[in-house]
Each structure stands twice: as structure tokens, then as C-alpha cells.
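**Student:** The sequence isn't on hand, but the structure is:
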């Protein structure tokens, strides 16, 4: 059995080391957030401009996101195993694990959008019969707010993200209806319209992941799980 003084010193050192590891986690999750946000912006831009070179950069960049996600998950698991954190520290690490997964999925969706860019560019049709750009702007804004809520530890901002998800869902439903009508009137261009609808679907999924991040931020700050709840959560 260690003397009281030595045991206390060891406990303090372990606590200090834990907090150092948590600070490293914060830096890594914020760095990954910035990378993913930039990937989404480039993917949307590649669709708007039919820029296949930019689309290829997004696709190649997804490998970097995947690698960062794996490293971050391993870091979290090591901290859980070595330090057995409790209370707010445990909540933070659990939240990082969940957000880390959503960020990786958003990176995948950005790469999927970039793949659509290549197909759309080959179609040679440039007029989009739906407000895809408007939907993209809302989704990008949701993602930015969710990540800002993480950086600023702002649960009120996170709640706004959650409420915005319905707007994106409605936009996707409108685009879906328009595309169905266009396919009926111009069946020879069905491949083009399928790509447009697919792009909208990827954007809608990014909005879902942004919502997940916002919900996890609320959990981290307030210690409550609001997933599946309805209302304004005040």
C-alpha cells in the first residue's frame, strides 16, 4: 500500500495527465471538424460549377478524414481504458466518439456528392430544375452552426440546428416531387435527374449528421439526451 502522500501525488499526476489528453482530443476534433466543413463546401462548389478537378480533390481528401477518424477513436478508447474518467470528462469523451463518427460520415457524403459531379459533368446538361443551391446553403449553415456550438459550447445554438433540420427535410421533399415530374416529362434525361436527386439526398443526410452533432453538444454541456424528443427543448 502506498503512503498517503505518494498516493495523493499519483492521483494528482493521473488527473493532470487526463486533462492533458482531453486537451489533445479537443484540438483533434476541432481540426477534423474544420477539414470536414471545408470538404462539404468544396463538394457543393464542384456541383455548382461542374468542377471535376475540385471534385477529385474532395474524393481524395476523404482518405485523410477516414484516417483522422480512426486515430481519434483510438485515442478516446485509450483514455477510457487508462484513466477511467467520470462525470464531465466521461461525457466529453463519449461525445467526441459520437461526433467523430458523424464527421466521418459527413466526409463520406461530401465524397458522394463529388462523385455525382463527375457524372453530371458528363451529362452536358447545366440547367437544374430545382433549388439545389438553396438547399446546399441551408445544409452548410446547419453544419457550421453545429460545429460552432461545439467550439463555443453553446447549447442554444445547438438547439437552433435541430430545429432547422425540418426545413431541409421539406426542401428535399420538394426536390423529390419536382424531379419525379421532370422524369415523366423528359424520360430521356432520367440519368441526369437521378444524379440531381441523389445529390439532394446526400445533402439531406449531411443535415441529419449535423443535427446529431448538435444533439451531442447539448448532451456534453447539459448532460441530457434529447434525441427523439419533440418541441423546442427550452
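**Tutor:** Ah, there it is. Computed from a predicted structure; not experimentally measured.
**Student:** tell me the mean pLDDT for the helix or strand encompassing residue 112?
**Tutor:** Residue 112 belongs to helix 87-123 when assigned by DSSP states H and E. Over the span of helix 87-123, the pLDDT mean works out to 92.
**Student:** If we go by neighbour counts, what in the following helix or strand past it is buried?
**Tutor:** Using DSSP H and E, the helix or strand that follows helix 87-123 in sequence is helix 132-152. Buried positions in helix 132-152, judged by neighbour count with 16 or more other Cβ atoms under 10 Å: 132, 135-136, 138-140, 142-150. From N, CA and C alone the C-beta is placed, and that goes for glycine too.
**Student:** roughly how far apart are residue 74 and residue 67?
**Tutor:** Using Cβ to Cβ, to the nearest Å, residue 74 is found at 11 Å from residue 67.
**Student:** got it, and residue 95?
**Tutor:** To residue 67, residue 95 is 21 Å away according to Cβ to Cβ.
**Student:** which one of those two has more residues nearby?
**Tutor:** More crowded of residue 95 and residue 67, by other Cβ atoms under 10 Å: residue 95, with 21 against 11.
**Student:** was I right about the more buried one contacting residue 216?
**Tutor:** Yes - with contact defined as Cβ atoms under 8 Å, residue 95 reaches residue 216; the gap is 4.9 Å.
**Student:** which strands and helices sit next to the longest helix along the chain?
**Tutor:** Of all segments of type helix in the chain, defined using DSSP state H, the longest is helix 4-49. Here helix 4-49 touches helix 52-83, helix 87-123, helix 132-152, helix 190-222, going by 3 or more Cβ pairs under 8 Å, 6 or more residues apart in numbering; DSSP states H and E.
**Student:** hmm, try it at 7 Å
**Tutor:** Secondary-structure packing of helix 4-49 (3 or more Cβ pairs under 7 Å, 6 or more residues apart in numbering; DSSP states H and E): helix 52-83, helix 87-123, helix 132-152.
**Student:** Would you point out the most distant pair within the buried residues of helix 132-152?
**Tutor:** Greatest spacing in the buried residues of helix 132-152, by Cβ to Cβ: 132 and 150 (27.3 Å).
**Student:** quick one: contacts for the residue lying closest to residue 205 once chain neighbours are set aside?
**Tutor:** Excluding the flanking residues, the one nearest residue 205 by Cβ to Cβ, 6 or more residues apart in numbering is residue 109, at 5.2 Å. With contacts defined as Cβ atoms under 7 Å, 6 or more residues apart in numbering, residue 109 is in contact with 202, 205-206.
**Student:** Now with 8 Å, please.
**Tutor:** Residue 109 makes contacts with 40, 202-203, 205-206, 209, as judged by Cβ atoms under 8 Å, 6 or more residues apart in numbering.
**Student:** Residue 113 too?
**Tutor:** Here residue 113 is in contact with 40, 43-44, 46-47, 58, 199, 202-203 (Cβ under 8 Å, 6+ apart).
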